[in-house]
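S.K.: Need coordinates for the below:
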Amino acid sequence: MARPRPARRKDRREVPARPLRVVINDIRPGTPDRLSAAKALVDRPTVISANVFADGHELVTARLRWRAGDEAWALRTMTPLGNDRFEAVVTPCALGHHEFEVEGWVDAHATWRQRIEAKMAAGQDVAQELEEGARLVEGELDRLSAELAAEAGRAAAALRDPAQPVEIRAEAALADPLATALSELSHRTQTTSSGPRRLWVDRERAAVGAWYELFPRSVGGLRGAADELARVAAMGFDVVYLPPVHPIGTTARKGRGNSLVAGPDDPGSPWAIGSPAGGHLDVAPELGTVDDFDAFVAEAGRLGLEVALDFALQCSPDHPWVREHPEWFSHRPDGSIRFAENPPKQYQDIYPIDFFPARNADREALWLECVAILEHWIGHGVRIFRVDNPHTKPFAFWQWLIAEIHEQWPDVVFLAEAFTRPAVMHRLAEIGFSQSYTYFTWRTTRAELIDYAEELAHGPDAGYFRPNLWPNTPDILSGPLRNGPPSVFRQRAALAATLAPSWGLYSGYELCENQPASDANEEYADSEKFQLKPRDWHSPRSITPWITRLNEIRRRHPALTDLGSLRFHEATNNSLVVFSKQVVLPGGGGVDTVLVVISLEPWVVRDGQLRLDLGALGLPWNEPLDAYDEVSSQVFPWWGPEPYVRLGPEAPAHIVHLRRASEVPFTGAVRP
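M.R.: Presented below is the predicted three-dimensional model:
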């Protein structure tokens, strides 16, 4: 007698009608919120990868769908890398918005193929598998093209032909293009999709470049700064960055050394923006005129330089906004406007802006005015903005503003000056900043440098957080640079220039300016933020030739501007940092392999043997290699993975172009 079936619980969930078996996760590039866009560069290959897997032993196939803007979707089968990881490489050819999604499905044909090949190799009976294959092929006839359907019919007949050897019968269904077509058709039954993911495609300067920061007022204003551009270009820089060029307030103006009392000749901080002469849309009279600014931009363009302008959303007490829009500022209980503070630091000469005033209409007017500032300077030829302290303004504001600008000018680059908590820095990158300052300035030991560089190159945020490494800024003189010898300045410049695609220097670095404000203060003595600072560029302390050489080498070797290929190697001396970068050159130009060895104790001679992973670089361990040192222009014959190196104060880095000795001799530049 059959037992009665238990009554169904009223709250029991429904059994899924079509449960999906394939899981897709860890999609890269990606962002933590999965809504913001990851980043890519135009005309540069972009690797898109994901884990795609299912339960059991059946095989899965993955496919990438991607498109630019609203164009038709392009399809690309993803390559299995092992351990359930799949990838595809795409090369965006337009700036702006792109989309992609990953699809995965249980591949019935690939699973059958694996099973029958394994059984045949083991000498097992495959009669049932041959019949399964025939039925699998016949089941897809109506979905194949006429040509492939005819081939599929022949394959099904061959699978059932007892007169032929087993290997011949199976081969008919295992050969391409039929096998590929059958695998592709499997997705029509049960396909899992990641859903669309966003990708923002920038121009190259958003990720790659050498920056040089220059205060125009210390060189005679904008006209004098224009005369300095030839020197900057000769050092190989791509971007010349200007602190704010706007009128500076006099109320609460800071004096030398950030003192509270300014002398009659003290120029004040350029970040205390606004005076009766104007605000963010104007040029400080002591620097020149808007025409002088236009001439500066034109001269920079003639020399192959781009101009980056500081975008600092704050005001001096004398800014026109303070009088015209007091509702855009925070007020203290006594009715006075609150000046900027980061206790115990106080900035009496600066009023921060309240981006969420009480009335929504006031907020809208403020935000639109901020966009108008950018549009004004874009109209004067600026396409790069270094944004001051973005972490002190609302994320929602930046997300809206950057999208608003990129809608019309997708080539505009935003650098985030945000030395703040990691989560905040990364959120700014996630919502649209093109690149960011980093913690490089404070990473000085071997372990710190390796850990941080690995995080930047290969960490989960690498798909959207682009680093720009600066050894110094007007605010920061840190680590071994404080009272350091020229060899340390060479070393830190070499690290910044070779580790990351973008790096930058504040002027005076090439003169090895090393005097801190005090033992407890990271800022410079006689800071240029508060005084004019004329310099002797012909000083015997100058390391200009070293910096010039670094930028020349970067331009010669595309590998150095590729962060994703960064790989660290070992050495017998722990004071040596050893890493390599490698890229495939376009147009069949071969492979560019660069090895960098830098001494972390550059004030003395350090040597040792390297422990290179030549296999990972595709180089032989038992054949001679030519090592061309780009720093000294010498060629060294190397054999095996343990070459000897020696570094001293004058040249604390080897930047080596590695090639098989049997290849074409070195010709210098490798960039096409």
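
S.K.: My guess is His654 contacts Val645. True?
M.R.: Yes. Between His654 and Val645 there is a contact under CB atoms under 8 Å: 5.9 Å. The C-beta positions use only the backbone N, C-alpha and C, and glycine is treated the same way.

S.K.: Please say which of the two ends up with more neighbours.
M.R.: Using other CB atoms under 10 Å, the more surrounded residue of His654 and Val645 is His654, with 25 against 21.

S.K.: what residues are up against that one?
M.R.: Counting by CB atoms under 8 Å, 6 or more residues apart in numbering, His654 makes contact with 595-598, 629, 631, 645, 647.

S.K.: That one: helix or strand, and which one exactly?
M.R.: Element membership of His654 [criterion: DSSP states H and E] is strand 653-660.

S.K.: buried set for that strand?
M.R.: 653-659 (16 or more other CB atoms under 10 Å).

S.K.: Same question for stretch 158-165.
M.R.: Buried-residue list, stretch 158-165, by 16+ other CB under 10 Å: 158-159.

S.K.: circling back to that earlier point, anything in contact with each of His654 and Val645?
M.R.: Common neighbours of His654 and Val645 (CB under 8 Å, 6+ apart) are Val597.

S.K.: now the strand holding His654, how far from the centre of its chain.
M.R.: 24 Å (CA atoms, centre = their mean, to the nearest Å).

S.K.: That one pairs with which strands?
M.R.: For strand 653-660, the paired strands and their directions (DSSP bridges) are strand 591-599 (antiparallel), strand 624-629 (antiparallel).

S.K.: what residues does the longest one touch?
M.R.: Contact with strand 591-599 is made by 491, 494-495, 498, 557-560, 569, 571, 575-585, 606, 610, 612, 617-619, 627, 645, 647, 652-659, 670, as judged by CB under 8 Å, 6+ apart.

S.K.: I'd like to know which of the residues you listed are part of strands.
M.R.: 569, 571, 576-584, 606, 610, 627, 645, 647, 653-659 (DSSP state E).

S.K.: Okay, now the unreliable bits of the stretch 201-350 of the chain?
M.R.: Nowhere does the stretch 201-350 of the chain drop to pLDDT under 70.

S.K.: ranges for the helices of it?
M.R.: 221-234, 290-302, 320-324 (DSSP state H, counting those that start in this stretch).

S.K.: Format the CA atom coordinates belonging to the second one as CSV.
M.R.: Read it as helix 290-302. The C-alpha coordinates for helix 290-302 follow below in CSV (Å, rounded to 0.1, in the frame of the first residue of the first chain):
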residue,chain,number,x,y,z
VAL,A,290,44.0,85.6,-20.3
ASP,A,291,45.8,86.3,-23.6
ASP,A,292,49.0,85.4,-21.8
PHE,A,293,47.5,82.2,-20.7
ASP,A,294,46.3,81.4,-24.2
ALA,A,295,49.9,82.1,-25.5
PHE,A,296,51.3,79.8,-22.8
VAL,A,297,48.9,76.9,-23.9
ALA,A,298,49.8,77.5,-27.6
GLU,A,299,53.6,77.4,-26.9
ALA,A,300,53.1,74.2,-24.8
GLY,A,301,51.3,72.6,-27.7
ARG,A,302,54.0,73.7,-30.2
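
S.K.: report the angle between the axes of it and helix 221-234?
M.R.: 10 degrees (axes from the mean of the first three to the mean of the last three CA atoms, to 10 degrees).

S.K.: For helix 290-302, which helices and strands make contact with it?
M.R.: Contacts defined by 3 or more CB pairs under 8 Å, 6 or more residues apart in numbering; DSSP states H and E place helix 290-302 against helix 221-234, strand 306-311.

S.K.: again, but for the longest one
M.R.: Where contact means 3+ CB pairs under 8 Å, 6+ apart, helix 221-234 is packed against strand 239-242, helix 290-302.

S.K.: just these: most buried one?
M.R.: Most buried of those, by mean neighbour count (mean count of other CB atoms under 10 Å): strand 239-242, with a mean of 22.

S.K.: ok, residues contacting that strand?
M.R.: Contacts for strand 239-242 (CB under 8 Å, 6+ apart): 205, 209-216, 225, 229, 232, 300, 305-310, 384, 386, 504.

S.K.: and stretch 522-542, C-alpha only, in CSV?
M.R.: What follows is stretch 522-542, C-alpha atoms only, in CSV (Å, rounded to 0.1, in the frame of the first residue of the first chain):
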residue,chain,number,x,y,z
GLU,A,522,56.7,67.0,5.9
GLU,A,523,56.5,70.3,4.0
TYR,A,524,59.4,72.1,2.5
ALA,A,525,61.4,74.9,4.2
ASP,A,526,60.7,78.1,2.3
SER,A,527,57.7,76.6,0.7
GLU,A,528,56.8,77.9,-2.7
LYS,A,529,53.2,77.8,-1.7
PHE,A,530,53.7,81.0,0.2
GLN,A,531,56.7,82.8,-1.5
LEU,A,532,58.4,83.3,-4.8
LYS,A,533,61.2,80.8,-5.4
PRO,A,534,63.5,81.7,-8.3
ARG,A,535,66.0,78.9,-9.0
ASP,A,536,69.4,78.4,-10.7
TRP,A,537,68.6,75.6,-13.2
HIS,A,538,72.4,75.3,-13.9
SER,A,539,73.3,74.4,-10.4
PRO,A,540,75.9,71.7,-10.1
ARG,A,541,73.5,69.7,-7.9
SER,A,542,71.1,69.3,-10.9
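
S.K.: domains in the chain, as residue ranges please.
M.R.: 14-202, 210-313+369-555, 558-660 (automatic domain parsing).

S.K.: In the stretch 1-150 of the chain, what residue spans correspond to helices?
M.R.: 108-121, 127-138, 146-159.

S.K.: got the angle between the last one and helix 108-121?
M.R.: When you say that, I think you mean helix 146-159. Using the same axes, to 10 degrees: helix 146-159 against helix 108-121 is 30 degrees.

S.K.: Please tell me how far the next helix or strand after helix 146-159 is from the chain's geometric centre.
M.R.: With elements assigned by DSSP H and E, the helix or strand that comes after helix 146-159 is helix 166-174. Chain-centre distance of helix 166-174: 48 Å, with CA atoms, centre = their mean.

S.K.: Could you do stretch 325-338 as well?
M.R.: Distance, centroid of stretch 325-338 to centroid of chain: 39 Å (CA atoms, centre = their mean).

S.K.: Stretch 494-508 too?
M.R.: 14 Å.

S.K.: quick one on the thing from earlier: highest mean neighbour count out of the strands paired with strand 653-660?
M.R.: strand 591-599 (a mean of 24).

S.K.: between that strand and strand 576-584, what angle do the directions make?
M.R.: Using the same axes, to 10 degrees: strand 591-599 against strand 576-584 is 170 degrees.

S.K.: State the mean pLDDT of strand 591-599.
M.R.: The pLDDT scores in strand 591-599 average 97.

S.K.: and Pro637, bridged to which residues?
M.R.: Asp626.

S.K.: Contacts only, for it.
M.R.: Here Pro637 is in contact with 624-627, 661 (CB under 8 Å, 6+ apart).

S.K.: one step back: to Ala453, which of the helices and strands packed on helix 221-234 lies closest?
M.R.: Ala453 sits nearest to strand 239-242 of all those, at 22.2 Å, using CB to CB.

S.K.: On the pLDDT front, check the residue nearest the centre of the chain for me.
M.R.: Geometric centre of the chain, nearest residue: Arg466, 2.6 Å, by CA atoms, centre = their mean. If you check Arg466, the pLDDT there is 98.

S.K.: Wait, it touches Ala38, no?
M.R.: No. In this structure Arg466 lies outside contact range of Ala38 using CB under 8 Å: 11.0 Å.

S.K.: where do the strands sit along the stretch 1-150 of the chain?
M.R.: Using DSSP state E, counting those that start in this stretch, the strands of the stretch 1-150 of the chain run over 22-28, 38-41, 46-54, 60-68, 74-77, 79-82, 85-90, 96-106.
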